[in-house]
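> kindly generate the corresponding structure for this input.
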Amino acid sequence: MPKTNQQNWFYITSIIFAIALPFSVALISVAEALLLLTALIHFNSKQLIINFPDRRTLICVIGVFFIYIGWLIFTNDWKCAIYDLRKNMAYFVIPLAFILSPKLSSLQYKRILYVFSVSVVLSSIITLVKFYLEDDYSILDAQKYGFMHHIRFSLQLIFSMVILWKGLTDYGKKNNTYLNITLVAALLILAVFLVWHQSLTGIITLLVTVFAMVLISIINQPKRKLKIATSLILFAIIAFPIAYLYYAIDRFYNVDPLEISKLEKFTAEGNVYEHDVNKQITENGHYVWIYVCDKELEEEWNKRAELKYNESDNHGYVVKYTLIRYLTSKNLRKDAEGVKALSDDDIKSIENGISNYILADKSISLYPRIYVSIWELDTYFKTGNANHRSLAQRIEYTKAAISIIKNNFWLGVGTGNWRMAYVEEYKKANSKMDPARYGNVHNQYLNYMVKFGIIGFILIFAAILYPVIKTKTYRNQLFLLFLVIMFIGNLGDANFETHTGSNFFMFFYCLFLVPKLD
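Got it, this is the predicted structure:
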């Protein structure tokens with residue numbers, strides 16, 4: 001088959017892969033298989049001999065998959081081990097496909113990047129439209145919308161922003177006004193979406209990525225005045241988030257003074273209030289468990305709502321507790337008068353499991369997510385209860401992972417054994433989490449050490465970093481920033497342990513690493 005056709009088919013498959021990444025896990029699997037299939041169909045032994053010297057470092061990356069296979073020697077749970085192997089097939093399939101494939105041209109390489117970015121923008125717009133067509137959800141439900149897990153998608157989104165920014169700096173010099181406006185509009189859409197999507201891991205990753213971009217700019221900037229101006233931007237990138245976090249924490253802990261002797265004993269209807277001053281939980285600076293009259297709450301609530309006082313909502317939360325927290329958030333007493341003061345929209349929000357009026361607002365704001373994170377940590381440290389609290393559960397997962405690593409330092413627990421290891425650790429630590437909430441650590445590096453110990457961890461990162469250093473592709477700023485995005489994102493989740501995350505990383509890793517035709 002002619003060389004042009006070889007290039008064309010592999011290129012088309014790569015385009016399909018780029019489109020699939022922000023839209024469909026199933027389509028990613030199909031594209032992954034097609035990528036290898038087209039490489040095999042157009043395999044040419046003579047061409048492989050010519051191309052192989054520039055691609056042989058990819059064999060190191062395939063070694064990551066064989067580490068999973070090698071550690072099967074320790075496996076006790078074969079079902080979980082097979083699950084691990086399936087999730088990490090990308091480490092075998094994608095590098096092999098790029099080793100065998102015909103070369104892509106520099107233009108095709110750029111088109112793949114831009115097609116991916118357009119696909120991410122379209123996925124973001126569709127997700128936003130779907131969300132605002134719904135009536136019953138709060139801004140915190142934004143993470144449930146979209147085609148991909150919010151952390152995986154946030155990393156794709158940030159990489160797309162870097163691609164678009166690079167395009168703006170490259171093509172902006174050509175004074176193409178319409179193109180520049182389009183690129184700026186796309187960047188703004190993605191920036192707004194990232195804040196709307198409420199992914200703290202994504203926000204932190206973006207900040208670190210921008211920090212790295214500005215730092216590179218300072219290093220490469222020959223003019224002293226511009227260096228100083230850029231350094232001020234770098235300072236702002238650090239200072240603004242810290243100041244905003246300080247503001248959020250200070251606002252959260254700005255709590256009403258509690259004078260026990262002055263607490264009123266009776267409601268307006270003459271019933272007795274309960275005041276549990278030992279529970280220090282607050283909502284918007286107001287104590288949750290004072291001025292509570294259970295009898296009046298139940299009677300008045302059941303008059304107004306379809307979902308009854310002691311029933312559970314779709315999230316599994318008992319209405320009673322959601323109602324008490326919601327009333328507290330509005331600084332209303334937990335009695336008949338408080339329920340009467342609620343609007344119909346408030347009633348609807350409570351029935352949908354929204355526990356604070358600021359969370360019922362659908363406007364784009366990062367404060368609700370930060371508030372919930374502070375509330376989760378505050379409640380966790382006061383009660384030790386991490387159930388149904390994402391950030392608190394992550395702490396429990398991290399504690400368990402560190403303990404497992406200490407007991408299996410050199411070689412880890414082995415492929416597939418992590419699930420049993422975590423269950424045993426939670427039981428040994430007398431964790432207050434429900435067994436249904438048991439999970440693995442949301443950190444890729446600790447995850448590797450749990451499974452493979454320090455030896456496996458070093459081998460994996462040597463396999464990933466050696467090709468980058470050997471080929472000096474770190475000189476490509478776009479690739480360098482891609483690695484920064486993945487490095488930071490993996491601190492907040494085990495992205496490489498997911499089908500989407502491993503395919504996203506491997507596809508662009510190999511795309512950058514393989515030389516292109518001029």
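
> show the contacting residues for the most centrally placed residue in the chain.
In the chain, the residue lying closest to the centroid (Cα atoms, centre = their mean) is residue 151, at 1.7 Å. Counting by Cβ atoms under 8 Å, 6 or more residues apart in numbering, residue 151 makes contact with 199, 201-202, 489, 492-493, 495. From N, CA and C alone the C-beta is placed, and that goes for glycine too.

> now, which of the residues you listed sits nearest residue 222?
residue 489 (32.4 Å; Cβ to Cβ).

> the closest one contacts residue 498, doesn't it?
No. Applying Cβ atoms under 8 Å, one finds residue 489 not in contact with residue 498, separated by 11.5 Å.

> more crowded one of these two?
Remark: of residue 489 and residue 498, residue 489 carries more neighbours, 29 against 19, as counted by other Cβ atoms under 10 Å.

> distance check, residue 439 against residue 418.
Counting by Cβ to Cβ, to the nearest Å, the gap from residue 439 to residue 418 is 10 Å.

> could you do residue 430 as well?
To residue 418, residue 430 is 20 Å away according to Cβ to Cβ.

> returning to what we had before: Serialize the contacts of residue 151 to TSV and add fields for secondary structure and distance to residue 128.
Shown next, in TSV, are the contacts of residue 151 (DSSP: H, G, I helix; E, B strand; the rest coil; distance: Cβ to Cβ, whole Å):
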residue	secondary structure	distance to residue 128
199	coil	14
201	helix	20
202	helix	15
489	helix	22
492	helix	23
493	coil	23
495	helix	23
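
> can you add pLDDT and distance to residue 337 and give those residues back as CSV?
What follows is the contacts of residue 151, written out as CSV (pLDDT from 0 to 100; distance: Cβ to Cβ, whole Å):
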residue, pLDDT, distance to residue 337
199, 90, 39
201, 95, 42
202, 96, 42
489, 97, 48
492, 94, 44
493, 96, 45
495, 97, 50
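
> so where's the stretch 101-250 of the chain shaky on pLDDT?
135-137, 171-175 (pLDDT under 70).

> helices of that one, start to end?
Secondary structure of the stretch 101-250 of the chain (DSSP state H, counting those that start in this stretch): helices located at 106-132, 150-171, 177-196, 200-220, 224-252.

> now whatever helix or strand comes next after the last one, how far from the centre of its chain.
Later in the chain than helix 224-252, the nearest helix or strand by DSSP states H and E is strand 282-283. Relative to the centre of its chain, strand 282-283 is centred 27 Å away, using Cα atoms, centre = their mean, to the nearest Å.

> ditto for stretch 93-113
On the basis of Cα atoms, centre = their mean, stretch 93-113 sits 27 Å off its chain's mean C-alpha point.

> cool, stretch 10-21 as well?
Chain-centre distance of stretch 10-21: 23 Å, with Cα atoms, centre = their mean.

> and for stretch 20-28?
On Cα atoms, centre = their mean, the centre of stretch 20-28 falls 17 Å from the chain's centre.

> pull out the buried residues from it.
Along stretch 20-28, these residues count as buried under the neighbour rule (16 or more other Cβ atoms under 10 Å): 20-25, 28.

> which of these sits closest to residue 295?
Using Cβ to Cβ, residue 25 comes nearest to residue 295 of the buried residues of stretch 20-28, at 49.8 Å.

> list the buried residues for the lowest-mean-pLDDT helix or strand in the chain?
Across the helices and strands of the chain, mean confidence by mean pLDDT, DSSP states H and E is lowest for helix 3-20: a mean of 81. For helix 3-20, a neighbour-count test (16+ other Cβ under 10 Å) marks 6-11, 13-20 as buried.

> OK, contacts around the closest residue to residue 443 other than its chain neighbours?
Leaving aside its sequence neighbours, residue 443 sits nearest to residue 491 (Cβ to Cβ, 6 or more residues apart in numbering; 6.0 Å). Contacts for residue 491 were tallied using Cβ under 8 Å, 6+ apart; they are 201, 443-445.

> which of those residues fall within helices?
The helices, defined by DSSP state H, take in 201, 444-445 from these.

> so which of those residues is the most crowded?
Compared across these, residue 444 has the highest neighbour count, 22 neighbours, by other Cβ under 10 Å.

> so for the closest residue to that residue other than its chain neighbours, what's the pLDDT?
The shortest distance from residue 444 to any non-neighbouring residue, by Cβ to Cβ, 6+ apart, is to residue 490 (3.6 Å). As predicted, residue 490 sits at a pLDDT of 98.

> equivalent analysis for residue 50, please.
pLDDT, residue 50: 89.

> the residue nearest to residue 444 sits in which helix or strand?
Secondary structure assignment for residue 490, by DSSP H and E: helix 477-492.

> could you give the mean pLDDT of the helix or strand just after that helix?
Per DSSP H and E, the first helix or strand lying C-terminal to helix 477-492 is helix 499-513. Throughout helix 499-513, pLDDT has a mean value of 97.

> return the list of helices and strands in contact with helix 499-513.
For helix 499-513, the packing partners by 3 or more Cβ pairs under 8 Å, 6 or more residues apart in numbering; DSSP states H and E come out as helix 3-20, helix 25-41, helix 58-70, helix 78-87, helix 90-100, helix 150-171, helix 444-471, helix 477-492.

> re the thing from before, quick check: angle from the least confident helix or strand of the chain to helix 25-41?
Relative orientation of helix 3-20 versus helix 25-41 (axes from the mean of the first three to the mean of the last three Cα atoms, to 10 degrees): 170 degrees.

> follow-up on the earlier one: tell me which of the helices of the stretch 101-250 of the chain is the most buried.
helix 150-171 (a mean of 22; mean count of other Cβ atoms under 10 Å).

> got the angle for it vs helix 106-132?
130 degrees.

> who touches residue 357 in this structure?
By Cβ under 8 Å, 6+ apart, the contact set of residue 357 is 326, 329-330, 346, 349.

> ok, now how distant is it from residue 8?
Taken as Cβ to Cβ, the span from residue 357 to residue 8 is 57 Å.

> do residue 158 as well
Separation of residue 158 from residue 8 (Cβ to Cβ): 31 Å.

> picking that back up, and residue 439 and residue 418? Which one has more around it.
It is residue 418, of residue 439 and residue 418, that has more neighbours when counted by other Cβ under 10 Å, with 23 against 15.

> surely the more buried one is in contact with residue 441?
No. Proximity of residue 418 to residue 441 does not meet the contact threshold set by Cβ under 8 Å, at 9.1 Å.

> quick check: neighbours shared by the two?
447, 450.

> number of residues surrounding the closest residue to residue 95 other than its chain neighbours?
Excluding the flanking residues, the one nearest residue 95 by Cβ to Cβ, 6+ apart is residue 58, at 4.2 Å. Other residues lying near residue 58 total 23 when counted by other Cβ under 10 Å.

> likewise residue 363?
For residue 363, the number of neighbouring residues by other Cβ under 10 Å comes to 7.

> wait, which of the helices of the stretch 101-250 of the chain is closest to residue 70?
helix 150-171 (27.0 Å).

> mind listing the helices for the stretch 301-450 of the chain?
319-329, 336-340, 344-351, 367-383, 390-407, 418-428, 444-471.
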